[in-house]
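Asker: Show me how the following folds:
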Amino acid sequence: MKIKRYVAPDVRQALRMVREEQGPDAVILSNRRVPEGVEILAAVDYDEEALNPAPLAADNGGQGSEGRGEGRGPAPSAEGPAPRPVEAPELAAFQGREALLEEMRRELSMLRGMVEGQLAELVWRDYRHRAPLHAELVRRLQGLGLEEGLARELVRPFPPAGDDPERAWQEALRALARRIPLGRDDPLDSGGVVALLGPTGVGKTTTVAKLAARFALRRGVRRIALVTTDNFRVAAHEQLRTYGRLLDVPVRVARDAPELAALLDELADRELVLVDTAGMGQRDLRLGEQLGLLHGAGARVRSYLVLAATAAPAALDEVVRAFGRVPLEGCVLTKLDEATALGGLLEVVIRHRLPVLCVSDGQRVPEDLHPADPEDLVARAALLASGRPEGWVGT
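Answerer: Residues are numbered from 1 along each chain as shown. Predicted coordinates for the structure are as follows:
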């Protein structure tokens, strides 16, 4: 008989381990709760007599067994009688019940989804009946990529019904534009130390180059410097150094918070210092280290989050929450020329009250960088929703 101990988070996983290793003929000897979950003792080639006490031997020739200790069964266990083993048929019945319960859970979940869908349809029909204009505007705003909650907020001031839906639609778009926060302090005018943050691939380095080129055209190359803190990507510094050589602007590398603080002291005579940070996903364990580097440089660094219009709204929301662990002055919206919808991006900006500093819609330096204009953003979103993105002229 081969006995083995199995520990798993729950009974189902433990039984699966028994089945996979010992086969369908395994016998469950015991099971109990342990700190790790459930412990099961299982055996193959099970011999019931090996675990049950043997009967006392008959009197041999009038001599008791006290003197010799012969014929006596094994001493009772201090832990009590051995647990009744679970036979293979009982194990199969238990597994069958588990499968049945799992099937019932799936059916209940499906039924719940159907009921919720039908209730939502009934509520929507009632909404269209009571407020036909509101319902039409909400439907069109959702077509931009907005959530229903924000869409209903935007149309609430309108009368429930109206004779001119197109005019109401234009009013709704203007109401959406008014909700988009704008960055009031343009670093190209005020100068200072500006850091761009964001995940990998959102266009931080290219945006740094565009901002640097714009500032150099206004004030001259002697009043600006570039700093990178990206020590993770291979040849990460070279892209920024290439832009620096083209613009004739110095580029420095900061490997930690003290080195960044020292570099900022050294560059204190520059009107504008742009800091290009390492691109990291919002779930990257090293993100805290990168954010701590900026935090260690003190309040003189103003941080802007770079958001790519091509990302899904749920991912954008997660990015804002992760990078929002440092104070954010606002955001820069990039890759507008690659987006298929803008409503989700605008909703994230509105929900988090993140002022938009500027937008980027191409790779040209610096032509494809524009000041943020809420009405232009909403107009672009409407064109994308209508399926005519080629109609966009831009600012």
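Asker: which residues does the closest residue to Pro371 other than its chain neighbours contact?
Answerer: Counting by C-beta to C-beta, 6 or more residues apart in numbering, the nearest residue to Pro371 once its immediate chain neighbours are dropped is Cys358, at 5.6 Å. In short, each C-beta sits where N, CA and C put it, glycine included. Taking C-beta atoms under 8 Å, 6 or more residues apart in numbering, we find Cys358 in contact with Gly183, Val332, Leu333, Leu369, His370, Pro371, Ala372.
Asker: On the three-state scheme, Cys358 is what?
Answerer: strand (DSSP: H, G, I helix; E, B strand; the rest coil).
Asker: how near is it to Glu148?
Answerer: Note on Cys358: its distance to Glu148, by C-beta to C-beta, to the nearest Å, is 30 Å.
Asker: Same question for Arg214.
Answerer: 39 Å.
Asker: of the two, who's got more company?
Answerer: The residue with more neighbours, out of Arg214 and Glu148, is Arg214; 18 against 13, by other C-beta atoms under 10 Å.
Asker: check contacts around the more buried one.
Answerer: Leu188, Pro366, Leu369.
Asker: Let me know the pLDDT of it.
Answerer: Listed pLDDT for Arg214 reads 91.
Asker: And it, which helix or strand is it part of?
Answerer: helix 204-219 (DSSP states H and E).
Asker: by contact count, what packs against the helix or strand that that helix is followed by?
Answerer: Later in the chain than helix 204-219, the nearest helix or strand by DSSP H and E is strand 224-228. Judged by 3 or more C-beta pairs under 8 Å, 6 or more residues apart in numbering; DSSP states H and E, strand 224-228 is in contact with helix 204-219, helix 236-247, strand 251-253, helix 257-266, strand 272-276.
Asker: most packed of these?
Answerer: Neighbour counts (mean count of other C-beta atoms under 10 Å) averaged over each of these peak at strand 272-276, with a mean of 25.
Asker: mind exporting that one as CSV, just the C-alpha atoms?
Answerer: Output of strand 272-276 as CSV, limited to C-alpha atoms (Å, rounded to 0.1, in the frame of the first residue of the first chain):
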residue,chain,number,x,y,z
LEU,A,272,13.7,75.2,-19.4
VAL,A,273,14.9,71.7,-18.5
LEU,A,274,12.9,68.9,-20.0
VAL,A,275,13.2,65.5,-18.2
ASP,A,276,12.5,62.3,-20.3
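Asker: contacting residues for Leu270?
Answerer: To be clear, residue 270 is Arg; Leu isn't right here. So Arg270 contacts Arg223, Ile224, Ala225 (C-beta under 8 Å, 6+ apart).
Asker: quick one on the thing from earlier: selecting buried members of the contacts of Arg214 in ChimeraX, what would you type?
Answerer: Here is the ChimeraX selection string for the buried members of the contacts of Arg214, based on 16 or more other C-beta atoms under 10 Å:
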select :188,366,369
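Asker: Of the contacts of Arg214, which is the nearest to Asp25?
Answerer: Leu369 (71.9 Å; C-beta to C-beta).
Asker: In space, what's closest to the closest one - neighbours in sequence excluded?
Answerer: Lys210 (4.0 Å).
Asker: Distance check, that neighbour against Arg218.
Answerer: 13 Å.
Asker: Roughly how far does Val319 sit from Arg353?
Answerer: 15 Å.
Asker: Can you pick out the residue with more neighbours from those two?
Answerer: Val319 (24 against 9).
Asker: Over to that one. Which of the three states is it?
Answerer: helix.
Asker: can you map out the strands along this structure?
Answerer: 2-8, 27-34, 37-44, 192-197, 224-228, 251-253, 272-276, 301-308, 328-334, 356-360, 369-371 (DSSP state E).
Asker: Closest to Arg32 out of the contacts of Arg214?
Answerer: Looking across the contacts of Arg214 and measuring by C-beta to C-beta, the closest to Arg32 is Leu369, at 66.2 Å.
Asker: Report the contact partners of the closest one.
Answerer: Residues counted as contacts of Leu369 (C-beta under 8 Å, 6+ apart) are Thr207, Lys210, Leu211, Arg214, Cys358, Val359, Ser360.
Asker: One more pass at 7 Å, please.
Answerer: Lys210, Arg214, Cys358, Ser360 (C-beta atoms under 7 Å, 6 or more residues apart in numbering).
Asker: From Leu336, how far out is it?
Answerer: 11 Å.
Asker: picking up where we left off before, for the contacts of Leu369, work out which two are farthest apart.
Answerer: Once C-beta to C-beta is applied, the contacts of Leu369 give Arg214 and Ser360 as the farthest pair, at 11.6 Å.
Asker: closest one to Leu176 among the strands of the chain?
Answerer: Closest among the strands of the chain, using C-beta to C-beta: strand 356-360, at 13.3 Å.
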